[in-house]
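Asks: my questions are about this predicted structure, shown below with the sequence.
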Amino acid sequence: MDFGLSEEQELLQQSARNFLAHECPTALVRDVMREGDGFPRTLYDKIARMGWTGLIVPEAVGGLGLSMLDLAVLAEEMGRAALPGPFFSSSVLAAMSLIASSARSHKREWLPRLARGDAVGTLAFLEESDRLDAAGIAARCAKTRNGYRLNGTKLFVTDAHVADFIVAAFRGRGTGEAGVTLFVIPRDTPGISVSPLSNVDQTRRPCEVVFRNVDLPSSARLADDGAGWKVLSRVMDAACVVLAADSLGGAQRALEMSVEYSKVRQQFGRPVGSFQALKHMAAEMVSDIEPARSLVWYAAYAFDHERRGASRAASMAKARLSDVYCRTTNHAVQMHGGIGFTWEHDLHFWFKRAKWNETAFGDATFHRERVAQLAGL
Ligand SMILES: Cc1cc2nc3c(=O)[nH]c(=O)nc-3n(C[C@H](O)[C@H](O)[C@H](O)COP(=O)(O)OP(=O)(O)OC[C@H]3O[C@@H](n4cnc5c(N)ncnc54)[C@H](O)[C@@H]3O)c2cc1C
């Protein structure tokens, strides 16, 4: 099997790297982290004009209709740049929730706007239990005469404070996977309140979203009891692949910064990179990152082409890259010495992003267990 990127993918990679180096320098990341709502709108207007907000959105509804492997290539570059803002929540989580459903009216209503960058979406999934399986969805949707009434609290809903719509999971009739129902809900619907939460990674903004007697028409339903969990599983796989790719790009950047620094920082009359202790750390980072790349690309390929093995490959990539990104940024801080610990140096952008990527959508332990279960163990 040929596992290189195609010419088009190499072009996407190169143009994304150039674009983000120019349009998303670390000074901008720092500004976004420090103040405001975490949504650099001017940058996102440009991203939308490049078509990236609709990268995986089908062409029929205004997107580029590209594959998960294309998205992984782009996500790697975004991780490299520590791109702040709602790309992941909107163009991955919300977009994939709609794409994976069979609700044509919602697709027609939201996907063109999302692809054009005129609307931002997000996914409300986790609750207080922090469980990623269907049993974790306890927020209730009760049938009313004209539709549904929703009650419950969702946590860690990334970018809900800037979202125009929220795809949210509720429990209808039935236990486990059978009772999961998804809705598409405009954020300004009466009864919804959004409160930003503090986060170690200030490039992402998680929120608490409370639904208090939120009345919706039946047409707001995205996926019925039963089908809802299938959609969420697909979104979970996409999230794992994209977070793994983001982690890969971030780890590579932390490695490059460390090697560069070790060549110029002098101690005891010589560059610190000449000390064996640092050479070993750099070698460990490389030996972690290089094999991880094929794992990420394979997971993206499997998402597109191998439905049966897709979840397993996504979890393997997520588990491995959660570890690799954290380990690499830990080594990077060590290699930088005291300055790597400071706010003034940029390295903490990636160190903190690694912590967020590690836990979002399940840490390495969760995904190793998922791999074992999918393998029937
Ligand atoms: C949280 C924190 C609090 C601090 N508080 C204080 C304080 O109160 N007072 C104070 O004076 N300082 C303080 N420091 C600074 C601290 O003493 C220095 O950071 C530390 O001595 C390392 O020096 P450096 O940062 O110049 O790193 P460098 O010496 O530049 O080291 C960079 C890298 O090279 C490696 N290295 C350097 N020399 C060698 C060698 N000979 N062989 C092998 N590897 C080598 C280091 O292990 C490191 O990985 C603090 C640092 C931190 C992180």
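Replies: Okay, I see it.
Asks: got the contact list for the closest residue to the ligand within the stretch 51-200 of the chain?
Replies: Taking CB to the nearest ligand atom as the measure, the point where the stretch 51-200 of the chain comes nearest the ligand is V200, at 17.0 Å. Just so you know, the C-beta spots here come from the backbone N, C-alpha and C atoms, and that holds for glycine as well. Neighbour list for V200: K352, K355, W356 [criterion: CB atoms under 8 Å, 6 or more residues apart in numbering].
Asks: and those residues as TSV, adding pLDDT and distance to the ligand?
Replies: Output for those, formatted as TSV (pLDDT from 0 to 100; distance: CB to the nearest ligand atom, whole Å):
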residue	pLDDT	distance to the ligand
K352	98	16
K355	98	18
W356	98	22
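Asks: want to throw those into a markdown table with secondary structure and distance to V92?
Replies: Shown next, in a markdown table, are these (DSSP: H, G, I helix; E, B strand; the rest coil; distance: CB to CB, whole Å):
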| residue | secondary structure | distance to V92 |
| --- | --- | --- |
| K352 | helix | 20 |
| K355 | helix | 19 |
| W356 | helix | 14 |
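Asks: ChimeraX command to pick out the buried ones of those residues?
Replies: In ChimeraX, this line selects whichever of the contacts of V200 come out buried by 16 or more other CB atoms under 10 Å:
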select :352,355,356
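Asks: tell me the one of the contacts of V200 nearest R49?
Replies: Nearest to R49 out of these is W356 (CB to CB; 27.5 Å).
Asks: assign the closest residue to that closest one other than its chain neighbours to helix, strand or coil.
Replies: Excluding the flanking residues, the one nearest W356 by CB to CB, 6 or more residues apart in numbering is D201, at 3.7 Å. What DSSP: H, G, I helix; E, B strand; the rest coil gives for D201 is coil.
Asks: so L111 lies in a helix, does it not?
Replies: Yes: with three-state DSSP as the criterion, L111 is part of a helix.
Asks: elements contacting the helix or strand V333 falls within?
Replies: Remark: V333 resides in helix 307-336, with elements defined by DSSP states H and E. The helices and strands touching helix 307-336, judged by 3 or more CB pairs under 8 Å, 6 or more residues apart in numbering; DSSP states H and E, are helix 227-264, helix 276-305, helix 347-359, helix 364-374.
Asks: now the longest one: buried residues?
Replies: Put plainly, it is helix 227-264. Under 16+ other CB under 10 Å, the buried positions of helix 227-264 are 227-229, 231-255, 257-259, 261-262.
Asks: run the angle between that helix and helix 307-336 for me.
Replies: 30 degrees (axes from the mean of the first three to the mean of the last three CA atoms, to 10 degrees).
Asks: the residue nearest to A103 when sequence neighbours are not counted: helix or strand, and which one exactly?
Replies: Nearest residue to A103, sequence neighbours excluded (CB to CB, 6+ apart): L222, at 5.0 Å. Using DSSP H and E, L222 falls within strand 221-223.
Asks: tell me how far that strand is from the chain's mean position?
Replies: Taking CA atoms, centre = their mean, to the nearest Å, the mean C-alpha location of strand 221-223 is offset from the chain mean by 22 Å.
Asks: now do stretch 257-277
Replies: 34 Å.
Asks: repeat that for stretch 214-224.
Replies: 26 Å.
Asks: go on, stretch 58-70?
Replies: That offset, for stretch 58-70, works out to 18 Å (CA atoms, centre = their mean).
Asks: and if you look at stretch 123-134?
Replies: Taking CA atoms, centre = their mean, one finds the center of stretch 123-134 at 15 Å from the center of the full chain.
Asks: quick check: buried residues in it?
Replies: For stretch 123-134, by 16+ other CB under 10 Å, it's L123, A124, F125, L126, E127, L132, A134.
Asks: narrow those to those in strands?
Replies: When DSSP state E is applied, these are split such that L123, A124 fall in strands.
Asks: mind putting the buried residues of stretch 123-134 into JSON lines with pLDDT and distance to W52?
Replies: Converted to JSON lines, the buried residues of stretch 123-134 look like this (pLDDT from 0 to 100; distance: CB to CB, whole Å):
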{"residue": "L123", "pLDDT": "98", "distance to W52": "19"}
{"residue": "A124", "pLDDT": "98", "distance to W52": "24"}
{"residue": "F125", "pLDDT": "95", "distance to W52": "23"}
{"residue": "L126", "pLDDT": "97", "distance to W52": "26"}
{"residue": "E127", "pLDDT": "98", "distance to W52": "31"}
{"residue": "L132", "pLDDT": "95", "distance to W52": "27"}
{"residue": "A134", "pLDDT": "94", "distance to W52": "32"}
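Asks: could the buried residues of stretch 123-134 go into CSV alongside distance to the ligand?
Replies: Compiled in CSV, these are given as follows (distance: CB to the nearest ligand atom, whole Å):
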residue, distance to the ligand
L123, 37
A124, 38
F125, 36
L126, 33
E127, 36
L132, 34
A134, 43
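Asks: sorry, back to before: neighbouring contacts of the strand holding L222?
Replies: 97-98, 101-103, 106, 148, 167, 181-184, 228, 230-231.
Asks: list phi and psi for the most far-flung residue of the chain relative to its centre.
Replies: Of all residues in the chain, G269 has its C-alpha farthest from the mean position, at 43.6 Å, by CA atoms, centre = their mean. Main-chain torsions, G269, degrees, to the nearest 10: phi 80, psi 10.
Asks: and it, how far is that from the ligand?
Replies: Applying CB to the nearest ligand atom, to the nearest Å, the value for G269 to the ligand is 10 Å.
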